[in-house]
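# model this:
(chains A, B, C and D)
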Number of protein chains: 2
Amino acid sequence: MKPVTIKDIAKRLNISTSTVSRALADRWDVNPETRRAVLEMAEQLHYKPNLISLGLRSNQSFSIGVIIPEFVNSFFAEVINGINSVLVANNYQVLICQSNESWETEKSNIRFLESRCVDGFLVSVSDDRANCDYFRALIEKGVPVVFFNRVCDEADAPEVIIDDRRWAFEATDHLIREGCRRIVHLTGPDNLSVSILRKAGYLDALAAHGIEAEESLIVPAGLFLEDGAAAAMKILAMEERPDGLFAITDPVAIGAMKTLRKRGVRIPEEIAVVGFSESPMAAIVEPELTSVEQPTFEIGAAAARILLEWLHEGAMPRRSRKVVIDASLNIRESSLRAAAARSGE
Amino acid sequence: MKPVTIKDIAKRLNISTSTVSRALADRWDVNPETRRAVLEMAEQLHYKPNLISLGLRSNQSFSIGVIIPEFVNSFFAEVINGINSVLVANNYQVLICQSNESWETEKSNIRFLESRCVDGFLVSVSDDRANCDYFRALIEKGVPVVFFNRVCDEADAPEVIIDDRRWAFEATDHLIREGCRRIVHLTGPDNLSVSILRKAGYLDALAAHGIEAEESLIVPAGLFLEDGAAAAMKILAMEERPDGLFAITDPVAIGAMKTLRKRGVRIPEEIAVVGFSESPMAAIVEPELTSVEQPTFEIGAAAARILLEWLHEGAMPRRSRKVVIDASLNIRESSLRAAAARSGE
DNA sequence: TTGTAAGCGTTATCAA
DNA sequence: TTGATAACGCTTACAA
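Next comes the predicted model:
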């Protein structure tokens, strides 16, 4: 069965499609009688406007492409909820594509979404991307792009982030105040903005407390549970055991923690642990994990709002070039070394 | 800047748009010379086909609407990965809508996706839906709908499920074999197919072992962490403490387990616990949680394949009316009561 | 082998 | 207040 169109309504009422269109759009220049009849008939035939054809004419699709590395870990899923809340309320559809941390996939996602005529992009970049040329080209063509979380500084586009460097500082500073002196840092992929910034914050904190950084304490890990578990094996093999651990993400922290505990390392007494980006798992694991909490929903909502503004204004909203959202450090058992030591005595 | 269209290519080459169209579609009836020129020009101008306009003509959009209750818990996110893997490979776009467990939202999602001319639906229904009339109407109109996980038996549509009743039986049976006799069951919302079936499986297992079911041991909980935590308080208040717990989902099991442990209940020694639907948290929580593992990715992929078949055949694939995917019981510490008792002696 | 023209659903423009 | 027509990007009979 073919879908009902304004033609069907027009035919039934013996009027023209333009009148039907006007009546449905609630225009002033249409007879109240006619409008009523049209609305009634539309209802009766279960008419639903075809948003696709609308897009053809206006050259906009009322859809937004979202490109993220993955959404199985709840972080990006929560961000998408923030994005959705804003865009759906404005009658936009969200098209979600996963890059699976692959640049190639990211590029093909962009092409695909362009073919679908999305009105703009919300992007958190993958980690194996060599440069930002693709996004630069997009922006130069006039396509609105807003980055969040994992950004592309070389591209001139708005970004919504937290102050990763500052919060990595806070996390490390907290460990030092808990008495840690040999703090290992599990890093993420090198070309990810968050990797670089969080490492910088870690180094800042060491410097602020006059602790010398040691190359051997900076352990390349990754972003996921397995990466943390693998890194833990390296830690166990170290001649001089560290007394603190700051991981780039919660999964990495948890993966490391589980492995260390299985090998009999007591947490936080022997090694205090701090993660980053507050996952639901942080409150599940034992001991509960200290972590930097990012307001994920708000990050998504903010990015979506900037994109909407760009769409409405027709130009990049300059004052939103860099939006820094606040974060917080949730202190839990995994890092409370001083308290644990006291209660253990 | 306007996007490049076949008109632009045609104008530059002084040929007609139909020739360009044919050349791009790689038709036989076009001069190799012309084809080469067209392809070259398309490349040069960065031409990208407009999938939207294509849909207008053919009355199909090459997009599929997916409606799920939520995707912050990884279960549905994993299913979507399965869906994506099949559909993206077939050049379909997936439009994801969350119902947030609200029937109203579900209905508005359907309307919205219909307006976007999706070619079909993949649905896991929300829990507060009164009936399936909406989906029935859709199917009668000839719109392909495939249900997965949470299905709508009243609607005549394919469904992809696991044998919830059987695996609830296995889970409960396992607890009984571990020596449990007073097993509490934390249930989900009443009108959800999985709630009903898992409760039935629980009762089956009790009956099979000649254990009398007790109304007071069937505790209405919900689907999430908080629901499990709240249910745990009820358990703690029971006069006769149960020795086993089977929860409708992992989050409920984990919520209950955390609360029980905080109140000093030893798991599995005092209460053995089994969850359902294997979440990543199962392997994180302590003690690690025994749970029924559903092949989430495969469920999504299977549902997507059935939908594709329906789309290609033009008729509902009858032999896929009910596809039962296999599952398994992952036995971990939380339920190994016998072993724990031995090692504790 | 190529071009012309109609059509998909809708709206904007102009004329009636 | 309403209707006819063109246009959005693309494909496809049919004609040349």
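# okay, now residue A:140: neighbour count?
11 (other CB atoms under 10 Å in any protein chain shown). To be clear about C-beta, it is placed using only N, CA and C from the backbone, and glycine gets the same treatment.
# And it, what's its pLDDT?
Looking at residue A:140, its pLDDT is 91.
# Now residue A:331: closest residue in space, sequence neighbours ignored.
residue A:290 (5.1 Å; CB to CB, 6 or more residues apart in numbering or on different chains).
# Same question for residue A:149.
With CB to CB, 6+ apart, the residue lying closest to residue A:149 is residue A:124, at 4.6 Å.
# since we're on the one you found, how many residues are nearby?
Residues near residue A:124, counting by other CB under 10 Å: 24.
# Contacts only, for it.
Contacts were defined as CB atoms under 8 Å, 6 or more residues apart in numbering or on different chains; by that measure residue A:124 touches A:67-69, A:76, A:79, A:147-150.
# The residue of the stretch 151-300 of chain A found nearest DNA strand D and residue A:94: what is the separation?
Nearest to DNA strand D in the stretch 151-300 of chain A, going by CB to the nearest atom of the strand, is residue A:157, at a distance of 24.5 Å. If you measure residue A:157 against residue A:94 using CB to CB, to the nearest Å, the figure is 19 Å.
# Equivalent analysis for residue A:258, please.
Distance of residue A:258 to residue A:94, computed by CB to CB: 35 Å.
# just residue A:250 next, same as before
In terms of CB to CB, residue A:250 sits 25 Å off from residue A:94.
# what does residue A:135 give?
Following CB to CB, the distance that separates residue A:135 from residue A:94 is 19 Å.
# for residue A:142, same thing?
21 Å.
# In terms of neighbours, single out the busier of those two.
residue A:94 (20 against 11).
# partner residues bridging the more buried one?
residue A:64 (DSSP bridges).
# Quick check, it in contact with residue B:96.
Yes - counting by CB atoms under 8 Å, residue B:96 is a contact partner of residue A:94 at 7.5 Å.
# If you count neighbours, what's buried in the helix or strand of chain A with the lowest mean pLDDT?
Least confident helix or strand, chain A: helix A:337-344 with a mean of 74, by mean pLDDT, DSSP states H and E. For helix A:337-344, burial by neighbour count (16 or more other CB atoms under 10 Å in any protein chain shown) applies to A:337, A:340.
# which residues of chain A fall in helices?
A:6-13, A:17-24, A:32-44, A:51-58, A:74-89, A:103-115, A:133-140, A:164-177, A:193-208, A:225-236, A:250-262, A:296-313, A:337-344 (DSSP state H).
# Would the second one count as contacting DNA strand D?
Yes - residues of helix A:17-24 are located near DNA strand D by CB under 7 Å from any atom of the strand, namely A:17-19, A:22.
# Can you list the helices and strands that that helix packs against?
The contact analysis (3 or more CB pairs under 8 Å, 6 or more residues apart in numbering or on different chains; DSSP states H and E) places helix A:17-24 against helix A:6-13, helix A:32-44.
# could those go into CSV alongside distance to chain B and mean neighbour count?
Formatted as CSV, the helices and strands packed on helix A:17-24 follow (distance: least, CB to the nearest CB, whole Å; neighbours: other CB atoms under 10 Å in any protein chain shown):
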stretch, distance to chain B, mean neighbour count
helix A:6-13, 13, 17
helix A:32-44, 13, 15
